[in-house]
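Participant: Quick one, what's the 3D model for this:
(chains A and B)
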There are 2 protein chains.
Amino acid sequence: MTNEQPVIVFALFPGVTQLDFTGPHEVFSYLPGASVILASAEGGAIEATGGMTFSGLRRLAEIPECDVVCVPGGRGSTDNAIRDDVFLGELRRLAATARFVTSVCTGSLVLGAAGLLRGRRAATHWAWRDLLAPFGAIADPARVVRDGNVITGGGVTAGIDFALSVVAELAGPEAAQAIQLQIEYAPAPPFDTGCPETAPPAILARVRERTATFAARRRQAVEAAAARLAAG
Amino acid sequence: MTNEQPVIVFALFPGVTQLDFTGPHEVFSYLPGASVILASAEGGAIEATGGMTFSGLRRLAEIPECDVVCVPGGRGSTDNAIRDDVFLGELRRLAATARFVTSVCTGSLVLGAAGLLRGRRAATHWAWRDLLAPFGAIADPARVVRDGNVITGGGVTAGIDFALSVVAELAGPEAAQAIQLQIEYAPAPPFDTGCPETAPPAILARVRERTATFAARRRQAVEAAAARLAAG
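Facilitator: Below is the predicted model:
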């Protein structure tokens, strides 16, 4: 059975990585009948990493239920979302009745902190796969991972592959195929450096050096959240 | 020679297709030292197709010059930009001193209307390639096309491939390779329907039916703009 007017909610937080949700939003916005909603704990406006400001957001608490709830990631800011009990509580509430509980990039760490990934296989950005285990999740290096009603995408641009997969679940493969054609998604990356398995060692080292600047803080946030979950 | 603090301006208009510029914006925002600016004729806020609102935009007239000017496309709304003499005038002004004059998707029709594509090869969304000729441009079906200092991308998601190519020009291939790894751009589309050459006929027919609803209006806007250019 497919809901012909699905409600899809992106749960945002300050410092979110915008392409994690703008990619999927574009895909979902072509789905006839769908309502695609940007929301945050406080509503109003948020600034994404990179300086882009999104306004007109709804408050998560105002949304009674949805078909799909999706949490994007952030560079350093995911750690704040992981620590935000109000945000995590709203995610749990929406997830309880959603048809699909989903994330892109490090959004899966936030799902984990909300206790929504216990025993589930999940994707995340390649640099942070080892941070899923503290939440009882099983890191899966696939670009899009489905385990029961949990669908997760890998880093940033995986959100487009993720969203087309979700559309196929919601409205059938032909709906997804038509959207893929509308957004001319026949990717032709100029280099073959999009994952650690194919990137030259010097490029990988350069990127690891950048993520190392906030790795300790992130691990601390994850471990504290995992401890609260275990206690709670 | 590379400018280590490049200024990159996205020239937006109401009803823009957000992924046309949010994809490239994400790529450029990882480029150390770069200023990435959203601007429009009036500044302030604009609503994209699909209902997303972007605020904090600068006025194009306030930006003295830039290294890269980029025009995204829109579904029906490109036609309004094509008719907007103020917007086209600002594009011409910035293009006169920019290192690269660029577009994604039907943004190339707007560059054409501004008189910036005469004799140039250019990309656009696959459904609208025949509308480049009235502006004296040569439609090129490649995903990213460079002709002199004009770099254009194909439909919507081509913006990511486009932006990585521009970064390689601005800061060298290794900078682009590192960004490609950071955004985990190792695409794995769930279907092989991203361009008309590979999409099944029924899917192609379905999408053509949707674009047909505004094709006549768009052709009219293009022909009127081309006539003004020829006269002017």
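Participant: Which strands and helices lie in contact with the one helix or strand A:Ile37 maps to?
Facilitator: For A:Ile37, the enclosing helix or strand under DSSP states H and E is strand A:35-40. When contacts are defined as 3 or more C-beta pairs under 8 Å, 6 or more residues apart in numbering or on different chains; DSSP states H and E, strand A:35-40 packs onto strand A:7-12, helix A:18-29, strand A:53-59. In this view, the C-beta of every residue, glycine as well, is placed from N, C-alpha and C.
Participant: Relative to A:Arg210, which of these is closest?
Facilitator: helix A:18-29 (16.9 Å; C-beta to C-beta).
Participant: Compute the inter-axis angle for the strand holding A:Ile37 and strand A:7-12.
Facilitator: The directions of strand A:35-40 and strand A:7-12 differ by 20 degrees, with axes from the mean of the first three to the mean of the last three C-alpha atoms, to 10 degrees as the criterion.
Participant: Which strands border strand A:35-40, and is each parallel or antiparallel?
Facilitator: As defined by DSSP bridges, the strand partners of strand A:35-40 come to strand A:7-12 (parallel), strand A:53-59 (parallel).
Participant: could the ones you listed go into JSON lines alongside distance to B:Ala227 and mean pLDDT?
Facilitator: Listed next are the strands paired with strand A:35-40 as JSON lines, based on distance: least, C-beta to C-beta, whole Å; pLDDT from 0 to 100:
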{"stretch": "strand A:7-12", "distance to B:Ala227": "43", "mean pLDDT": "98"}
{"stretch": "strand A:53-59", "distance to B:Ala227": "38", "mean pLDDT": "98"}
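Participant: Burial-wise, tell me which of those strands comes out on top.
Facilitator: Of all these, strand A:7-12 has the most neighbours on average by mean count of other C-beta atoms under 10 Å in any protein chain shown, namely a mean of 25.
Participant: gap between the two ends of stretch A:176-193?
Facilitator: Length of stretch A:176-193, first residue to last, C-alpha to C-alpha, to the nearest Å: 27 Å.
Participant: pLDDT of it, averaged?
Facilitator: The average pLDDT within stretch A:176-193 is 98.
Participant: With stretch A:77-92 instead?
Facilitator: On average, the pLDDT along stretch A:77-92 is 95.
Participant: any bit of it sitting next to chain B?
Facilitator: No: applying C-beta under 8 Å from any C-beta of the partner chain, one finds stretch A:77-92 out of contact with chain B, separated by at least 13.8 Å.
Participant: Which helix or strand contains the residue lying farthest from the centre of chain A?
Facilitator: What lies farthest from the middle of chain A is A:Ala202; by C-alpha atoms, centre = their mean that is 28.2 Å. Counting by DSSP H and E, the element that carries A:Ala202 is helix A:201-231.
Participant: ok, now A:Cys70?
Facilitator: A:Cys70 belongs to strand A:68-71, assigned by DSSP H and E.
Participant: Quick one: distance of that strand to the chain centre.
Facilitator: Centre-to-centre, strand A:68-71 and its host chain are 7 Å apart (C-alpha atoms, centre = their mean, to the nearest Å).
Participant: Each with direction, which strands does it pair with?
Facilitator: Looking at strand A:68-71 with DSSP bridges, its partner strands are strand A:7-12 (parallel), strand A:100-104 (parallel).
Participant: Residues contacting it, please?
Facilitator: A:6-11, A:21, A:24, A:81, A:91, A:94-95, A:98-104, A:107-108, A:110-111, A:166, A:170 (C-beta atoms under 8 Å, 6 or more residues apart in numbering or on different chains).
Participant: ok now do A:Thr49, which residues does it touch?
Facilitator: Neighbouring residues of A:Thr49 by C-beta under 8 Å, 6+ apart: A:Gly15, A:Val16, A:Thr17, A:Gln18, A:Gly74, A:Arg75, A:Ser77, B:Ser29.
Participant: let's see 10 Å
Facilitator: Residues in contact with A:Thr49, defined by C-beta atoms under 10 Å, 6 or more residues apart in numbering or on different chains, are A:14-20, A:73-77, B:26, B:29-30.
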